[in-house]
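Participant: how would this look folded up:
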Amino acid sequence: NVQSGLNTAVQGVQRATDQFTHILGFTGPRAEELARQSSENIEAVSQASTVLARGFQEVSQEWFGFAHERLTKNIEALGRFAHCRSAQDFVALQSEVARDNMQQAIETGRRLGQVSARVADEAARIVHGRANANTDRVRRVA
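Facilitator: Residues are numbered from 1 along each chain as shown. Below you'll find the predicted structure:
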């Protein structure tokens, strides 16, 4: 759906660019170059947006997995608390549960950071690749 919507946007930008270049009097190869660059830029944005959407989905799945696992373990811990026979058992179990919660939160945070960094790098490569191609093209024309 995202890709389809972005393809429609690319077509719309292409038409708008054609009209804009016509109104400003750009014709010939320069107008075609401007239209092509605009289309390629929108395509790069489209690809980067798709990557970011996938990344958001991965992060969401990771977060919901963390919440589910934490809830399950905390419910299990409640049962274990009910079987404590002394204050010492209770405090020992409480510290164990707190440690497990912290350990899992840190691990999940690390995984979320890795996914976020990977997705951001991939999207940046797409956008920078397009920017570099435009810079090279301008240098060749100049």
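Participant: CA atoms for contacts and neighbours, from now on please.
Facilitator: OK.
Participant: what residue ranges in the chain score low on pLDDT?
Facilitator: 1-3, 5-7, 10, 13, 17-32, 35, 131, 134-142 (pLDDT under 70).
Participant: Try it again at 90.
Facilitator: The model of the chain has pLDDT under 90 over residues 1-53, 126-142.
Participant: Which residue ranges of it form helices?
Facilitator: Under the criterion DSSP state H, the chain contains helices at 2-23, 28-82, 87-141.
Participant: Rebuild these as JSON lines, extending it with mean neighbour count.
Facilitator: Below are the helices of the chain laid out as JSON lines (neighbours: other C-alpha atoms under 10 Å):
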{"stretch": "helix 2-23", "mean neighbour count": "15"}
{"stretch": "helix 28-82", "mean neighbour count": "15"}
{"stretch": "helix 87-141", "mean neighbour count": "14"}
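Participant: Contact partners for the residue sitting nearest the centre point of the chain?
Facilitator: For the chain, the residue sitting closest to the mean C-alpha position, by C-alpha atoms, centre = their mean, is L52 at 2.9 Å. For L52, the contacting residues are V119, A120, A123, by C-alpha atoms under 8 Å, 6 or more residues apart in numbering.
Participant: Quick one: residues contacting the first one.
Facilitator: Put plainly, it is V119. V51, L52, G55.
Participant: what are the phi and psi angles of R85?
Facilitator: Per-residue torsions, R85: phi -110, psi -10 (degrees, to the nearest 10).
Participant: Can you give me the distance of it to L112?
Facilitator: Distance from R85 to L112, counting by C-alpha to C-alpha, to the nearest Å: 39 Å.
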